[in-house]
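> Quick one, structure for this:
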Amino acid sequence: MDRDKWSARQEFLWKLLRDIRKESNQTQTELALKLKRPQTYVSKYELGERRLDMLEIYDICNACDVTLAEFVERAEPKLQKYSALKG
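This is a model prediction of the structure:
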């Protein structure tokens, strides 16, 4: 996979997760408390210093009152633009 495409997709997801948090009117600290994690957990994934698995993304969405389906609906069009399967 092209490294630039991977980087662009990752960066988009970090920004989307940050936007979802902000749209739910939560600080990193408030979200971290809901997730029972330290504030640095939120900071690190929003900065791209930590990768997340699907269950973690599910929990983050849930804590922000966003369904996983809504998250995917927002993410998919942009991710298709950077698809690793495209030539």
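> Leaving out the residues flanking it, which one is nearest to Ile20?
Cys64 (4.9 Å; CB to CB, 6 or more residues apart in numbering). The C-beta positions use only the backbone N, C-alpha and C, and glycine is treated the same way.
> same deal with Leu52?
Per CB to CB, 6+ apart, closest to Leu52 is Tyr45, 5.4 Å.
> Likewise for Arg18?
Computed as CB to CB, 6+ apart, the closest residue to Arg18 that is not its neighbour in sequence is Glu46, at 4.7 Å.
> now the helices for this protein?
3-23, 28-35, 39-46, 54-63, 68-81 (DSSP state H).
> now the helix or strand bottoming out on mean pLDDT in the chain, how far from the centre of its chain.
In the chain, no helix or strand scores lower on mean pLDDT, DSSP states H and E than helix 3-23, which sits at a mean of 87. Chain-centre distance of helix 3-23: 6 Å, with CA atoms, centre = their mean, to the nearest Å.
> Stretch 26-43 too?
Distance, stretch centre to chain centre, for stretch 26-43: 13 Å (CA atoms, centre = their mean).
> Kindly provide the whole-number mean pLDDT of that stretch.
The pLDDT scores in stretch 26-43 average 99.
> So which bits of that stretch are buried?
Within stretch 26-43, the residues that qualify as buried are 26, 28, 31-32, 41-42, counting by 16 or more other CB atoms under 10 Å.
> ok, and the closest non-adjacent residue to Val42?
Once flanking residues are discounted, Val42 sits nearest to Gln28: 4.2 Å by CB to CB, 6+ apart.
> wouldn't the one you found be in contact with Tyr45 here?
No: Gln28 lies out of contact with Tyr45 (CB atoms under 8 Å); the separation is 10.1 Å.
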